[in-house]
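Peer 1: no sequence on this one, just coordinates:
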């Protein structure tokens, strides 16, 4: 059959159905899923705020009608998105990228490691795991936030997920209400139950660097580790050249990479 | 089957007039009043010159700046252009660049539709070089003559051009006559002269010899002023930026050539940047050309046109980099 190509750079216009505050600088937006396509865990979309620009955002949860994204206000694009309200229009393209090869993890133990705003892609994995819980072995989620008020998806982390998996939280800086663990996320690693697990890491590059280092110290093989990377992206479809990581394009060859494949890339773990 | 004709140099401008009168838009090398040769729209056949232009034809099929869509009253209106045009007087290094752009922009999972429209609407009339240009090193790669990818290819044989025709679309009996064996031989000789005049670079296995950890990158980084002229003049550079502009009640989404030598190229929100210094940006440029593209597509992302050398205000020279990593001095 002949493939019909459309102009992939044209977004669809979609409505913001609902906005909720997650933390002082992070909000969750529920968008119309106009194409009805269900993305793979770990894929991303290009979101447009018309008049300001377009930027890549991982999704956290999706069904035929809704698409949930969670965004931290860090720059112009996200700043402009924060100015919008319910029923306002944004542009949407995607889903793009490879996502996690989750079917390959069937029967295995899994450890999800997240830092700060790195949690939405792990939420998309968690949604898959909760729907297919029996297909996986022991599942742990280790999540670190700067402080208790910076924890994203509190309801999921404190109530929903502990019912089906082992969740461990930590904060760098506690407040008077915090009774849990204190320290960066790697200080939770002694509580990892199975070192034969598949490790999925999403967070700031520096957090991923030390996580990989600590896992390798414990004898975890590079091929057991998957990272989801973030780079500047302008097209999302492998042609604009901005997200080059060595010979790879993070947008089309990633954003998820098995660590052994990119371990020697000199621009990995910058900062 | 390729056919071979010839056309007298005296008739070239009349032929161009004929094509213009036929209603074609024609783009080619034009000499400006300041003496520069610029690849641009030909309005008057007298302006055409058989010379290599400063900029080349890339911007005709992949404009420096173009509107992707207009956003007005909640609606997205796509910009489409489908002008049928002739690129008359391109050079082999430029059209070889098109072939490389095709691989990246048209042969992946997603197609660059805007590029495809312009590319497929462009008829190529190539002029193979018969003299080595000052900075060029095309004989290290494909050489001065195209094997395919054109409608007509002109080769200077003195008073005439030998004309190779891949199809008869632009052949007009009034201007073209049969070429003799002697004409064909003369054209071959002239092409071979370029091979004799030009230095061949030690390009073989450069992707295995080049190194990140080398003083050369800091040395070149100290000179580079991030002007981006190398990228802008390159027939194979394809990186682009995308941004919005508000004009009245309309929002335009624009795409514009970008340059990997600019600080903002890889800078993320929050001022995180995986490429913080000139050295790492130069590594990206040269590695993309000499390593990454070779690994992904099997050939170097360079056609030896020499424009990046000619345009660089601080004399950064890709030939020196190739020679240096092949065991030479800098």
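Peer 2: Right, received. Where do you want to start? Since the model is a prediction, treat every value here as computed from it, not as a measurement.

Peer 1: Please make it C-alpha for all contacts and neighbour counts, starting now.
Peer 2: Fine.

Peer 1: Close to chain B: what parts of the stretch 151-271 of chain A are there?
Peer 2: Counting by Cα under 8 Å from any Cα of the partner chain, the positions of the stretch 151-271 of chain A adjacent to chain B are A:231-232, A:234-235, A:237-243, A:246-247, A:267-268, A:270-271.

Peer 1: Go again with 10 Å.
Peer 2: If contacts are counted using Cα under 10 Å from any Cα of the partner chain, the residues of the stretch 151-271 of chain A sitting beside chain B are A:205, A:230-248, A:252, A:266-271.

Peer 1: Just the ones of those residues in strands?
Peer 2: Assigned to strands by DSSP state E, the following of those qualify: A:244-245, A:248.

Peer 1: Please go through chain A and pick out the longest strand.
Peer 2: Once chain A is assigned using DSSP E, the strand that runs over the most residues is strand A:12-23.

Peer 1: Do that one and chain B come into contact?
Peer 2: Yes - counting by Cα under 10 Å from any Cα, contacts between strand A:12-23 and chain B involve A:12-14.

Peer 1: which secondary structure elements does that strand contact?
Peer 2: With contacts defined as 3 or more Cα pairs under 10 Å, 6 or more residues apart in numbering or on different chains; DSSP states H and E, the secondary structure elements packing on strand A:12-23 are strand A:26-32, strand A:44-49, strand A:66-72, strand A:89-96, strand B:75-78.

Peer 1: So which of these is nearest residue B:254?
Peer 2: Judged by Cα to Cα, the one of the helices and strands packed on strand A:12-23 that comes nearest to residue B:254 is strand B:75-78, at 11.5 Å.

Peer 1: Can you name the next helix or strand after that closest one?
Peer 2: Proceeding C-terminally, strand B:75-78 gives way to strand B:85-90 as the next helix or strand, assigned by DSSP states H and E.

Peer 1: strand partners of that next one, parallel vs antiparallel please.
Peer 2: Strand partners for strand B:85-90, identified by DSSP bridges, are recorded as strand B:25-31 (parallel), strand B:122-128 (parallel).

Peer 1: and it, how far from the chain's centre?
Peer 2: 13 Å (Cα atoms, centre = their mean, to the nearest Å).

Peer 1: and the next helix or strand after it with chain A, contact?
Peer 2: Once strand B:85-90 ends, the next helix or strand along the chain (criterion: DSSP H and E) is helix B:92-106. Yes - taking Cα under 10 Å from any Cα as the criterion, helix B:92-106 and chain A are in contact, through B:101, B:104-106.

Peer 1: Neighbouring strands - and their directions - for the longest strand of chain A?
Peer 2: For strand A:12-23, using DSSP bridges, the partner strands are strand A:26-32 (antiparallel), strand A:89-96 (antiparallel).

Peer 1: want to throw these into a markdown table with mean neighbour count?
Peer 2: Listed next are the strands paired with strand A:12-23 as a markdown table, based on neighbours: other Cα atoms under 10 Å in any protein chain shown:
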| stretch | mean neighbour count |
| --- | --- |
| strand A:26-32 | 22 |
| strand A:89-96 | 22 |
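
Peer 1: could I get the ones you listed as JSON lines with mean pLDDT?
Peer 2: Conversion of these to JSON lines gives the following (pLDDT from 0 to 100):
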{"stretch": "strand A:26-32", "mean pLDDT": "98"}
{"stretch": "strand A:89-96", "mean pLDDT": "97"}
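
Peer 1: could those be laid out in TSV, adding distance to residue B:165?
Peer 2: TSV is the format used below for those (distance: least, Cα to Cα, whole Å):
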stretch	distance to residue B:165
strand A:26-32	54
strand A:89-96	43
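
Peer 1: quick one: residue A:215 is in a strand?
Peer 2: No - membership of residue A:215 in a strand is not supported by DSSP: H, G, I helix; E, B strand; the rest coil, which gives helix.

Peer 1: What's the local residue count around it?
Peer 2: Neighbour count of residue A:215, defined by other Cα atoms under 10 Å in any protein chain shown: 19.

Peer 1: now do the one 4 residues further on
Peer 2: By the measure other Cα under 10 Å, the count of residues near residue A:219 is 10.

Peer 1: In space, what's closest to it - neighbours in sequence excluded?
Peer 2: residue A:195 (7.6 Å; Cα to Cα, 6 or more residues apart in numbering or on different chains).

Peer 1: confidence score at the one you found?
Peer 2: In the predicted model, residue A:195 carries a pLDDT score of 97.

Peer 1: again with residue B:329
Peer 2: Reading off the confidence values, residue B:329 has pLDDT 68.

Peer 1: next one: phi and psi at residue B:12?
Peer 2: Dihedral angles phi and psi of residue B:12 (degrees, to the nearest 10) take the values phi -60, psi -50.

Peer 1: Hmm, it is touching residue B:45, no?
Peer 2: Yes - assessed by Cα atoms under 10 Å, residue B:12 is found in contact with residue B:45 at 8.8 Å.
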